[in-house]
Structure formats: C-alpha cells, structure tokens
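S.K.: Compute the structure for the input listed below.
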Amino acid sequence: MSELAMETREQSSKPIMTKALILLMAVACGLSVANLYYNQPLLADIGRTFHATAREVGSVSMLTQIGYAVGMFIFVPLGDMKERRGLIVMILLAEMIALIGVATSQTILWINIASLAVGFTAVTTQIIIPLAAHLAPPAERGKVIGTVMSGLLIGILLARTVSGVIGGFMGWRSMYGIAAALMLILAIVLWKVLPKAEPQVAITYRQLMKSIAELIRTQPVLREASLLGALLFGGFSVFWTALAFYVEGSPYHYGSEIAGLFGLVGVLGAAVAPAAGRLTDRFSATGMVGIFIGLALLSYLSFWTVGSHLWGLILGVILLDLGVQGSQISNQARIYALAPEARSRINTVFMVSTFIGGSIGSALGSYAWSIGEWNGVCTAGGCMIGVGAMVWAFQRMKKNPVRPA
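M.R.: This is a model prediction of the structure:
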C-alpha cells in the first residue's frame, strides 16, 4: 500500500481534530512536563533544607530527567499497542502519587528517589504528541505538532517561573502539593474529553521493543535527529540547571522567585513554536534544524560575553529557547513522516535520546558551576551545542559532497 493510501486510510477513521482538542492537548502537555522542571529554580532552597552542596542537590534535577528517559522507554511504546486515552489517565494518576512523594520528602535520598519517580511517570506528554500527529491531517501535521509542542515548551518554561514564585513565598514543598492536585484534575478532564485511540497494529510488547532496535538500525534520519536532540537539550539543561546558582550571587543577588521569572523570557522563544511548525511544513525541515542550531550557539555566545548584564542574559535565554525548541519541532516533523504506524516507537527513540542528553546536561551544569562557575557553565553548554552543529554539518557534507572542479 502506498504512503498516500496509508495516510488516506489513516485519516478516514479519525475524529475531527478541532482547535479546542488541539488546545487541550497543548495544555495537558504543558502541565505534565512542567513537573520535570519545578525543581530547577528551587535547587538552592532544597539544598538548604537538606544541608546539601550544589553538586549533591544537582542530582535531584539529573535523576528527574533520567527517570523521564527510562519512563519513556518503558511506557511510550505502549501507545502503539494500547488504547491511548486510558493509558494517559493511568500514568497521570501515578504521577500524582510521585509528586506527593517529593512534597513529603524528609532526606536528600528520599527526594532523589521521589524525583526519579516523578520523571518516570511524567511521560504522558510523549504519548499525547504522537496522538496529535496521528489525528492531524498530513498537510497540517507540522502546524499541529508545533501548536501542541508550544504548550509543552511553555509548560517547561513557566514551570520555572511558577515554582520560583511559589517556592519563594510558600516554600518548595507547596509547589509539589499543588502539582499533585493538578494531575488529578487533568486526569479527570482528559478521560472525559479525549477521543478513544485504539492501536493501528496488533503487536506484543516483546515485538514492540524488538522493533525499536530495528527502527534505529534502518532509519538514519531517526538516528541523526536523536543525536541532535540529545546534544541540544543537553546544552539547554546545562544553562537552566546552573542559572539559580548564577543569579543568586554577584552581580545579581536574586532569590528563587526572580530566578524563576527568567522562564517568562523563554516563553517568547517557545511562543514561536507554531510558526516553526508552519515553516517546517513549507520549507526543508533539515535546513530549519541547521538554522535553529545556529541560534542556540549564538545564545551561549551571549551568555559568555554579556551574561553579566541583565539584557545579555535575557537575549541569551530567548535565543536558547528559540533555537532548541525550534530544532526539536523540525526534527519531530522529519521523524513522524518515516513510519505512521510506529510513531510512538519513533517518538520513544527520539525523546529517550533527548532526555538522556538532558540528564547529562543537568549533571554537567552543576558540576561545571562547582569547578568553573559561569565560565565553566558557558563552556560546557556551548560545547554540547557546538558538537550538534558539527554533526548536522557533517551529515549534510556526506549527502552533498563537494566535487573537485
């Protein structure tokens, strides 16, 4: 069966993808993924609660993202073999329990374990995104992915703002109690509103996991996109993990509530996600990836040269979020076109790679701060994104070698 026929058949059985449904999916993604990032502006406060060093408390952020990568590997492929609405609701309820665990933590070990569980259960967003791609008309897939991703990205960024403000005024534990309540509300709403989405193929879990290795082996675009996702999100995480430590000292002397407000600046970058999706529909997704990587590199140049000035830090945040999020959307548009019946598995490979890179970046950010402070952070993050730029350029040179005159 041709790809066009598959797409036509795929569309004929779908419910209408309304604007309200797209908006609900975007909000759901934002609220769920936010749980991964509430800790970043609160790390200094959490460290003081448990009398932990910057390096020790950095493990909270690292383990959250490691848990996310593991959870995606285990749960997200199930979207290709289980009814997705029920799967999403079940995982949301487990996420609520994990958040309660963080809110009630009494030791650094306890909060590390609970943070790992939060990451492990925060994967509903990566089941919703392939569902949105499945429900969207092929000609509008990039636009729909971009809109849903804008909710996810704004959730990532506003998580820091909200947790910084709530943590500054009510304490960091209150943030996690509120988050747990939100997951319960979200589970109820999605159960009532999301359409049922049965799997397109009959496959066992063992066959499902085996097929992931086959996808990695046979899809070079997926391998490239996954490596780029890991490197860019790693560079993104280096900055956001270290930011709370940087602005707490000279020349800023800000508390957690102000550190979190930098997330509002990043929303400017995330808000262009739908536009990035439309550009990807219209132009080369691969070329757009290269442009966005260049913007992310410029962000670290801004951090390093003028990061001691507020305007320089703000400029860098906008460029970093625009570059990393835009490249992710363009890469997702590339990979979702590869095999419509395997979008959850493809998304698993891409996002597990991305968040392994993010967990490395989180650990690297706190370590780089402990040994080199801001210059160390800029070097670490800039190098991760720089390697991504080299990977992208090398792949283009392989496909389009320069012939001698």
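S.K.: Enumerate every residue touching Y254.
M.R.: 247-248 (Cβ atoms under 8 Å, 6 or more residues apart in numbering). For glycine as for every other residue, the C-beta is placed from the backbone atoms N, C-alpha and C.
S.K.: W304 versus that one, what's the distance?
M.R.: 20 Å (Cβ to Cβ, to the nearest Å).
S.K.: Test my guess that M209 contacts V76.
M.R.: No. Judged on Cβ atoms under 8 Å, M209 makes no contact with V76 at a distance of 11.4 Å.
S.K.: more crowded one of the two?
M.R.: Taking other Cβ atoms under 10 Å, M209 and V76 do not tie; V76 has more neighbours (27 against 14).
S.K.: wait, doesn't the more buried one sit right on M351?
M.R.: Yes. Using Cβ under 8 Å, V76 is in contact with M351, at 7.0 Å.
S.K.: so what's in contact with the two at the same time?
M.R.: Residues within reach of V76 and of M351 at once, by Cβ under 8 Å, 6+ apart, are Q126.
S.K.: quick one: average confidence on the host helix or strand of Y68?
M.R.: Counting by DSSP states H and E, the element that carries Y68 is helix 54-75. Per-residue pLDDT values over helix 54-75 give a mean of 82.
S.K.: And for stretch 26-35?
M.R.: Here stretch 26-35 scores 91 as its mean pLDDT.
S.K.: Skipping its backbone neighbours, what lies nearest M96 in space?
M.R.: Nearest non-adjacent residue to M96, counting by Cβ to Cβ, 6 or more residues apart in numbering: M183, 4.0 Å away.
S.K.: For L231, see how far away that neighbour is.
M.R.: For M183, the distance to L231 (Cβ to Cβ) stands at 31 Å.
S.K.: higher neighbour count, the two?
M.R.: For the pair M183 and L231, the greater number of neighbours falls to L231 (28 against 25), based on other Cβ under 10 Å.
S.K.: Measure how far the helix holding Y68 is from the centre of its chain, please.
M.R.: Relative to the mean C-alpha coordinate of its chain, helix 54-75 is positioned 13 Å out (Cα atoms, centre = their mean, to the nearest Å).
S.K.: Repeat that for stretch 393-400.
M.R.: The chain centroid and the centroid of stretch 393-400 are separated by 27 Å, computed with Cα atoms, centre = their mean.
S.K.: Return the set of buried residues in that stretch.
M.R.: Q395 (16 or more other Cβ atoms under 10 Å).
S.K.: again with stretch 122-142
M.R.: In terms of neighbour count (16+ other Cβ under 10 Å), stretch 122-142 has its buried residues at 122-136, 138, 140-142.
S.K.: longest helix of this structure?
M.R.: Looking across the chain with DSSP state H, the single longest helix is helix 343-399.
S.K.: List the buried residues in stretch 178-189.
M.R.: Within stretch 178-189, the residues that count as buried by 16+ other Cβ under 10 Å are 178-180, 182-183, 186-187.
S.K.: Between those, which sits nearest I335?
M.R.: Set against I335, the nearest of those by Cβ to Cβ is L186 (26.7 Å).
S.K.: pLDDT at that closest one, what is it?
M.R.: On the pLDDT scale, L186 gets 93.
S.K.: isn't it right up against S32?
M.R.: Yes. L186 is within contact range of S32, at 7.2 Å (criterion: Cβ under 8 Å).
S.K.: Overlap in contacts, the two.
M.R.: With contacts defined as Cβ under 8 Å, 6+ apart, the residues shared by L186 and S32 are L92.
S.K.: where's the nearest residue to A136 once chain neighbours are set aside, which helix or strand?
M.R.: Take A136 and drop its neighbours on the chain: the residue closest to it by Cβ to Cβ, 6+ apart is V144, 3.7 Å away. Element membership of V144, judged by DSSP H and E, is helix 141-170.
S.K.: tell me what that helix is packed against?
M.R.: Secondary-structure packing of helix 141-170 (3 or more Cβ pairs under 8 Å, 6 or more residues apart in numbering; DSSP states H and E): helix 19-34, helix 125-135, helix 172-193, helix 256-270, helix 273-282, helix 310-336.
S.K.: Tell me which of the ones you listed lies nearest to L92.
M.R.: Between L92 and the helices and strands packed on helix 141-170, the tightest spacing by Cβ to Cβ is seen for helix 172-193, at 4.0 Å.
S.K.: The closest one to helix 141-170, inter-axis angle?
M.R.: Computed by axes from the mean of the first three to the mean of the last three Cα atoms, to 10 degrees, the angle separating helix 172-193 from helix 141-170 equals 140 degrees.
S.K.: quick one: G101 and F120 touch, right?
M.R.: No. At 11.2 Å, G101 does not count as touching F120 under the criterion of Cβ under 8 Å.
S.K.: the more surrounded of these two?
M.R.: Between G101 and F120, counted using other Cβ under 10 Å, F120 has the larger neighbour count: 23 against 18.
S.K.: Contacts only, for that one.
M.R.: When contacts are counted by Cβ under 8 Å, 6+ apart, F120 touches 67-68, 70-71, 98.
S.K.: ok, and the most crowded of these?
M.R.: Busiest of the contacts of F120 [other Cβ under 10 Å] is Y68, holding 29 neighbours.
S.K.: Give the full set of residues in contact with the spatially closest residue to that residue that is not a sequence neighbour.
M.R.: In space, and not counting its chain neighbours, Y68 is closest to G119: 3.9 Å by Cβ to Cβ, 6+ apart. Listed by Cβ under 8 Å, 6+ apart, the contact set of G119 reads 36, 63-71.
S.K.: Check the secondary structure at P195 for me.
M.R.: Classification of P195 by DSSP: H, G, I helix; E, B strand; the rest coil places it in coil.
S.K.: thinking it is in contact with E83, fair?
M.R.: No. P195 is beyond contact range of E83, at 10.4 Å (criterion: Cβ under 8 Å).
S.K.: check contacts around L208.
M.R.: 77-78, 80-81, 345.
S.K.: what's the weakest-modelled helix or strand in the chain?
M.R.: Ranked by mean pLDDT, DSSP states H and E, the weakest helix or strand in the chain is helix 3-12, scoring a mean of 42.
S.K.: Can you tell me how far R55 is from G365?
M.R.: Distance, R55 to G365, using Cβ to Cβ: 11 Å.
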